[in-house]
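# Give the three-dimensional model of this entry:
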Amino acid sequence: MSTVELKIKGYHLDLFGRVSNQRFLDFLEDARWSYLDTIGLNYDEFAKRGVFLAVVNINVNFRAPSFLGDVLVIETMVDRIGNRSITVKQKMYNKKTEQIILDAEVVYVIVDLATGKSIPIDNEMRQLWLELSNKKNTH
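Presented below is the predicted three-dimensional model:
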């Protein structure tokens, strides 16, 4: 599991003074890439392998708003590794109040750069994701 903290700043807010749903999605994506960095799976590593990582499904349950100055904690962990997809779960909560802001489930596939089609997860990639699922990292 990886844990990332961020403080809400003015430019994160919408016209109503709350963090917008789109901004929350950006926070979640950033936390997922930080998680991948813990085992060296980054854009360059995917490109060297001739593949890229594509989100094919994301389900988010928005539970509470967030406001200027809030410190949010995002927990990210691998939930399942299938033959053709990887599912990651995320939870975001307010550090001070511990109120859950949202929870999410994100499904990835590995896509071949040459064909643009999803490919089965090979043993090497599976091992990297298994390693990731066993790591504890805090930013």
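# What strand or helix carries residue 107?
For residue 107, the element it lies in under DSSP states H and E is strand 100-112.
# which ones are touching residue 8?
Neighbour list for residue 8: 19, 66-72 [criterion: Cβ atoms under 8 Å, 6 or more residues apart in numbering]. Just so you know, the C-beta spots here come from the backbone N, C-alpha and C atoms, and that holds for glycine as well.
# repeat for residue 25
58, 60.
# Am I right that residue 56 sits in a strand?
Yes: according to DSSP: H, G, I helix; E, B strand; the rest coil, residue 56 belongs to a strand.
# Quick one: residues contacting it.
85, 107-109, 118.
# Then residue 68?
The neighbours of residue 68, taking Cβ under 8 Å, 6+ apart as the test, are 8-10, 12-13, 17.
# Now flag whichever of those residues is closest to residue 43.
Proximity of those to residue 43, judged by Cβ to Cβ, is greatest for residue 12, which lies at 24.2 Å.
# for the closest one, phi and psi?
phi -80, psi -10 (degrees, to the nearest 10).
# again, but for residue 70
Dihedral angles (degrees, to the nearest 10) for residue 70: phi -60, psi 140.
# How many residues are close by it?
Applying other Cβ atoms under 10 Å, we find 18 residues neighbouring residue 70.
# quick one: it and residue 98 touch, right?
No: in this structure, residue 70 is not within contact of residue 98 by Cβ atoms under 8 Å, at 11.9 Å.
# can you tell me which residues contact residue 47?
residue 113.
# What are the buried residues along the helix or strand containing it?
If you go by DSSP H and E, residue 47 is part of helix 43-48. Under the neighbour-count criterion of 16 or more other Cβ atoms under 10 Å, helix 43-48 has residue 46 buried.
# on that earlier part again, just the buried subset of the contacts of residue 8, please.
19, 66, 70, 72.
# on that earlier part again, ok, the contacts of residue 56 vs residue 34, which is closest?
Using Cβ to Cβ, residue 108 comes nearest to residue 34 of the contacts of residue 56, at 15.3 Å.
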